[in-house]
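Student: Predicted model and sequence follow; I will ask about them next.
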Amino acid sequence: MKLMRPTNPTEIARHATLLSALATMLAAGMTVTAAEPIKRLPVYREQIDIMRSDAQPAEHRYLAFPVVLTISPDEIWIAYKAGKSHALDTAAAIEVASHRFSTGATKLIQRLHPAAPNLYQMAEFVRLPGGMIALYIDVQVNREGKHFRVGTESYRWDAARNAFNGPAVLGPVGGVTYGYPFDFIVEGSASWQLIMTFEHLPGGRRSVDVLRSDDAGGSWQFVRDLTAEFGGIRANESAFMRHGDGFIVATRAYDNHARLHRTDGDFRVRQQIDLTERHPAVISGTVGRPRIFVRDGQGYLLGRNYAAPPTPGGPRRPMQLCLFRFDLETLAVTSYAVLDNAGEEKVTDGYYAVPVFSERDSRALLHVITYKGTAGKPPDIVRFDYLWDEVK
């Protein structure tokens, strides 16, 4: 059993108690099993409404799926869907707004509209090599009450115009058309994109793939089909990050399981862990729209979570926003913080979330930008602030 090195008096005391109990159990010949992850509830939390649905035009009151780009220590840009419903709302747009941490002020930069009869559903920011800001968008169409991807589009920021230029269509890569961008990693002159394709698009398969560009997104090359590489788990929403000489990938799969995967530098799998199977009392299904990052020597997974029902086969519990800490070697969850809805109120849509850090009075703050709607009302774009020491 690997113990994390404590960094503050509370942690030191907790670890001392744990070590004492462990020694007693071993001396008595008792079997030691893996403990359930430690649950944390933040004492300090502040909520700031970034964009309220009731302040929007009627056709853009359903606000969802925010993503973030850091502009300066005090400013972020947020892109989010502005439409009429969670999905199938023809002509739904993507809005881009500037938000200040210090004042909470938010200013709309631009509203991006799709060509008819399409709708914009999700977006992903990336700052490409050379500094160019790009926005990649999941474009859909409503066909007889079902949504279909029609191919990713992108916009690029024009500083001279103070506006985005586009859209440009992400053309086929090796004969495959891609429809749902998830995440980006930029390192030197290389850019990796985690993106999904679908069986009805050219290429004819449903998979999460890795693409690479060495010309700042001018062209992309196929690297790996992660669905096949991870054993055919049929993943959809995923996230990735650099670690060591390879990568760690988080997946949300159609079998309702959340997983972490370690790969080498060419995205060949080295290690996998089924978090839902490993921690059933904590994660009863998937972690929705996962985001992963490293801080203070630990891995973190952020996303929508459903805790296990109080009794086997019982009713599904309300969604919560959770931050899971995982060991970077074993990939097992060691603790988790319930960032929102610890009281299990009826949140009807929400918690695709992204993390951003800042400092206040020499203390690290975790800002979580997410969306949340209750009792069937259109969701708002909100910011939750936490003391990092309380939730890490």
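Tutor: Alright, I've got the coordinates. Numbering: from 1, shown residues only.
Student: The residue positioned nearest the centre of the chain and Thr227, how far apart?
Tutor: In the chain, the residue lying closest to the centroid (C-alpha atoms, centre = their mean) is Arg291, at 3.0 Å. Per C-beta to C-beta, to the nearest Å, Arg291 is found 20 Å from Thr227. (C-beta placed from N, C-alpha, C; glycine too.)
Student: For Thr106, see how far away Tyr80 is.
Tutor: 11 Å.
Student: Comparing these two, which residue is more hemmed in?
Tutor: Using other C-beta atoms under 10 Å as the criterion, Tyr80 and Thr106 rank with Tyr80 on top: 25 against 18.
Student: Now the more buried one: closest residue in space, sequence neighbours ignored.
Tutor: Nearest residue to Tyr80, sequence neighbours excluded (C-beta to C-beta, 6 or more residues apart in numbering): Pro66, at 4.2 Å.
Student: still on that earlier bit, overlap in contacts, Tyr80 and Thr106.
Tutor: Common contact partners of Tyr80 and Thr106 (C-beta atoms under 8 Å, 6 or more residues apart in numbering): 51, 97.
Student: and the next element down the chain from the one helix or strand Lys372 maps to?
Tutor: Per DSSP states H and E, Lys372 falls inside strand 363-374. Counting by DSSP H and E, the next helix or strand C-terminal to strand 363-374 is strand 380-387.
Student: Which neighbouring elements make contact with that following strand?
Tutor: strand 45-51, strand 62-70, strand 333-340, strand 363-374 (3 or more C-beta pairs under 8 Å, 6 or more residues apart in numbering; DSSP states H and E).
Student: please redo it, this time with the cut-off set to 10 Å
Tutor: strand 45-51, strand 62-70, strand 75-83, strand 93-100, strand 333-340, strand 354-360, strand 363-374 (3 or more C-beta pairs under 10 Å, 6 or more residues apart in numbering; DSSP states H and E).
Student: Give me the angle between the first one and strand 363-374.
Tutor: Between the axis of strand 45-51 and that of strand 363-374 there is an angle of 60 degrees, by axes from the mean of the first three to the mean of the last three C-alpha atoms, to 10 degrees.
Student: Walk me through which strands strand 45-51 pairs with, and which way each runs.
Tutor: strand 380-387 (antiparallel) (DSSP bridges).
Student: now swap in the fourth one and tell me
Tutor: Using DSSP bridges, the strands paired with strand 93-100 are strand 75-83 (antiparallel), strand 106-112 (antiparallel).
Student: mind exporting the last one as CSV, just the C-alpha atoms?
Tutor: Extracted as CSV, the C-alpha positions of strand 106-112 are listed here (Å, rounded to 0.1, in the frame of the first residue of the first chain):
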residue,chain,number,x,y,z
THR,A,106,-17.9,38.8,-18.1
LYS,A,107,-18.1,40.2,-21.6
LEU,A,108,-19.4,38.6,-24.7
ILE,A,109,-16.7,38.5,-27.4
GLN,A,110,-18.6,36.8,-30.3
ARG,A,111,-21.5,34.5,-31.0
LEU,A,112,-20.7,31.9,-33.7
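Student: chain center to it, what's the gap?
Tutor: 22 Å (C-alpha atoms, centre = their mean, to the nearest Å).
Student: again with the first one
Tutor: Remark: strand 75-83 is offset 15 Å from the chain centroid, using C-alpha atoms, centre = their mean.
Student: Quick check: mean pLDDT of that strand?
Tutor: The average pLDDT within strand 75-83 is 98.
Student: buried residues in that strand?
Tutor: 76-83 (16 or more other C-beta atoms under 10 Å).
Student: of these, closest to Ile381?
Tutor: Using C-beta to C-beta, Tyr80 is the member of these that sits closest to Ile381, with 5.4 Å.
Student: for the closest one, which residues make a bridge with it?
Tutor: Glu95.
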